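[1] Sequence and predicted structure are below.
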Amino acid sequence: MTTGTIDHATLSTLVEAGTVRRAHVVGHPEGWSVEIRYGKNQRTLIAQRSRHARLFRRLDTLVSYLKDVGIAEFDVDAAAHEPGSAKAPARPDRAEALRKAHEAAAYDAWFREEIQKALDEADDPNTVWVSHEEAEADMERQRIDLLARIRHAEK
């Protein structure tokens, strides 16, 4: 019997082709893995990114996965499983990333709302427009006033 690894895409293809003979769930201290038997081959399911044996922390998650793939019957070897030993790793980096994502989404919503208000105001026929010359003159008056207040505060 040939042993090795198998990924999700290959497993799905084999199930669709009807060539999977058996699925064998194996308990480990840190979770559950699954071995797939087809033809004379036995392969361990691997995670896509790490390419290491895929471990499911909870048996019910593994059962759902197998059912979704199309495998409803399998056997379980729980000899090495230690209940309660599979703990989710702390991921403070994810909490920070989610907080930043929520902040970015809130800012994006505010920004879009402000743009829409400006567009609506620009399209309103009752909007009073100020000429460039009037705006420059007003800014010059504000600058002169500010300089006078600064000089007065320095005395």
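    Structure received.
[2] all strands for this structure, in order.
    Remark: strands assigned in the chain by DSSP state E are 2-6, 20-28, 31-38, 41-45, 75-77.
[3] looking at those, which is buried most?
    strand 31-38 (a mean of 21; mean count of other Cβ atoms under 10 Å). Heads up, the C-betas are built off the backbone N, CA and C, glycines and all.
[4] Show me the shaky parts of this protein.
    Where the chain drops to pLDDT under 70, the residues are 1-2, 85-91.
[5] quick one: residue 37 from residue 73, how far?
    12 Å (Cβ to Cβ, to the nearest Å).
[6] anything in contact with each of the two?
    Residues touching both residue 37 and residue 73 (Cβ atoms under 8 Å, 6 or more residues apart in numbering) are residue 23.
[7] if we can go back for a sec, of the strands of the chain, which is nearest residue 67?
    strand 20-28 (10.7 Å; Cβ to Cβ).
[8] so what secondary structure elements neighbour that closest one?
    Contacts defined by 3 or more Cβ pairs under 8 Å, 6 or more residues apart in numbering; DSSP states H and E place strand 20-28 against strand 31-38, helix 59-69, strand 75-77.
[9] if we go to 7 Å?
    Other elements packing on strand 20-28 under the criterion 3 or more Cβ pairs under 7 Å, 6 or more residues apart in numbering; DSSP states H and E are strand 31-38, strand 75-77.
[10] Dump those strands into CSV; add distance to residue 11 as well.
    As requested, the helices and strands packed on strand 20-28 are exported to CSV (distance: least, Cβ to Cβ, whole Å):
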stretch, distance to residue 11
strand 31-38, 6
strand 75-77, 17
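[11] closest to residue 141 out of those?
    Per Cβ to Cβ, nearest to residue 141 of those: strand 31-38, 72.2 Å.
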